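Trainee: Give me coordinates for this.
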Amino acid sequence: MATILQIETATQVCSVAISVNGETIALKEETAQNIHAASLTLFIEEVMKIASLKYADLDAIAVSKGPGSYTGLRIGVSTAKGLCFALDKPLIAVGTLQMMANGYMQNHPNYGGLVCPMIDARRMEVFTSIYDNKLQEIEAVNAKIVDDKSFILALQKNYVTFIGDGAAKCEAVLMHDNAHFDAHNYNSAANMSKLAYQAFVTDNFNDVAYFEPFYLKDFVFTTPKKKS
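Mentor: Next up, the predicted model:
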């Protein structure tokens, strides 16, 4: 039996879940700006209580590895690694965009098109990829500046559903008959359950000492403008 604690902090969602053999048994999440530092450990304690588990009962710790918010990923991965060190448990890293696509597919099991998760990366840029309905990667994870020509080849041949906090700002640009937009938030640790379990049973673990989040782009420091 695989009991896994799952952490998702790649966007403004702070989400923690516990799964047993790929099925979610406890979930605590909230969406707010800059919530992760103050809330993540509290959410972990809460789901452990909901599931009536002790930390020793866990078999692994899974974390959403990115891409996404630099600060959110750093907090989530640091917390996951700390738990792995303290409890001597293996670390599982789940791609954030794949996790989002998995959540959509689980909610729409009869869907036959492609799904394109998008994470907002400022202005008209998004972190994105494309998956088919079997969760196979059709387009590799990349940072894309979206315009009216973006995804045109995929849209000419397939029905494509765009999801995530980056999709809403692109709806006015991607005006194609095959483009559909789903406003539901799929950045949930519950959507990691199936993927984390698959990694566990295949011993697909990450080196706790050397693992780093998948930021995709370097962090850019900005200087606040001086008041005149």
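
Trainee: if I look at residue 175, how far off is residue 157?
Mentor: Going from residue 175 to residue 157 by CB to CB, to the nearest Å gives 17 Å. Backbone N, C-alpha and C define where each C-beta goes, glycine included.

Trainee: Over to residue 36?
Mentor: For residue 36, the distance to residue 157 - CB to CB - is 39 Å.

Trainee: neighbour-wise, which of the two wins?
Mentor: residue 36 (28 against 9; other CB atoms under 10 Å).

Trainee: name the helices or strands packed onto the longest helix seen in the chain?
Mentor: Looking across the chain with DSSP state H, the single longest helix is helix 70-87. In terms of contacts (3 or more CB pairs under 8 Å, 6 or more residues apart in numbering; DSSP states H and E), helix 70-87 is packed against strand 3-8, helix 36-50, strand 60-64, strand 91-94.

Trainee: Quick check: closest non-adjacent residue to residue 55.
Mentor: Leaving aside its sequence neighbours, residue 55 sits nearest to residue 87 (CB to CB, 6 or more residues apart in numbering; 5.6 Å).

Trainee: What of residue 77?
Mentor: Once flanking residues are discounted, residue 77 sits nearest to residue 213: 4.8 Å by CB to CB, 6+ apart.

Trainee: dump the residue contacts of the one you found.
Mentor: Listed by CB atoms under 8 Å, 6 or more residues apart in numbering, the contact partners of residue 213 are 65-66, 73-74, 76-77.
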